[in-house]
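Undergrad: Quick one, fold the following:
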Amino acid sequence: MGIHFSSEQEMEDFLTRTADPETKCPVTGMSNLNHKSRYGEALSLDHSHFSGRARGLVHRNVNALIGWLERDEMNAADLVQFLHLWNTGFFKP
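TA: Numbers count the residues shown, from 1 in each chain. Coordinates of the predicted model:
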């Protein structure tokens with residue numbers, strides 16, 4: 001299954017945003033320009049691994065994390081719980 005868009009217009013909008021240096025990751029706020037400067041590539045196209053539907057442009061690390069969490073939603077709950085326990089001092093270094 002490949003990546004697909006709901007319409008020709010959605011695909012054209014994606015291509016426009018990919019070329020725009022001011023497009024930002026909605027999670028990190030990093031601009032396309034800064035992402036290209038730091039990683040040598042544009043923001044990543046996030047898509048559903050189940051439906052193939054394109055969701056938007058995100059930071060490369062956000063894209064990897066979304067993919068990991070999408071495969072096993074329990075990972076998300078476990079990750080949040082771990083961070084909460086760490087931040088509240090339950091885990092001591």
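Undergrad: Let me see the confidence value for A76.
TA: As predicted, A76 sits at a pLDDT of 83.
Undergrad: Would you confirm that it contacts L69?
TA: Yes: assessed by Cβ atoms under 8 Å, A76 is found in contact with L69 at 4.8 Å. Every residue, glycine included, has its C-beta placed from N, CA and C.
Undergrad: any idea how far the residue most central in space within the chain is from S7?
TA: By Cα atoms, centre = their mean, the chain has its centre lying nearest to N63, at 3.2 Å. In this view, N63 and S7 are 23 Å apart by Cβ to Cβ, to the nearest Å.
Undergrad: go on, D20?
TA: For D20 relative to S7 (Cβ to Cβ), the value is 19 Å.
Undergrad: Could you do V27 as well?
TA: 25 Å.
Undergrad: same thing with V80?
TA: Taken as Cβ to Cβ, the span from V80 to S7 is 35 Å.
Undergrad: same question, A64
TA: 27 Å.
Undergrad: same deal with N34?
TA: Applying Cβ to Cβ, the value for N34 to S7 is 30 Å.
Undergrad: Mind checking the pLDDT average for the helix or strand where A64 lies?
TA: Assigned by DSSP states H and E, A64 belongs to helix 60-71. Here helix 60-71 scores 89 as its mean pLDDT.
Undergrad: now that helix, how far from the centre of its chain.
TA: Distance, stretch centre to chain centre, for helix 60-71: 6 Å (Cα atoms, centre = their mean, to the nearest Å).
Undergrad: by contact count, what packs against that helix?
TA: strand 44-47, helix 73-87 (3 or more Cβ pairs under 8 Å, 6 or more residues apart in numbering; DSSP states H and E).
Undergrad: what residues are up against W68?
TA: By Cβ atoms under 8 Å, 6 or more residues apart in numbering, the contact set of W68 is N75.
Undergrad: Could you list the buried residues of stretch 41-60?
TA: Residues of stretch 41-60 classed as buried: 42-44, 46-47, 54, 56-60 (neighbour count, 16 or more other Cβ atoms under 10 Å).
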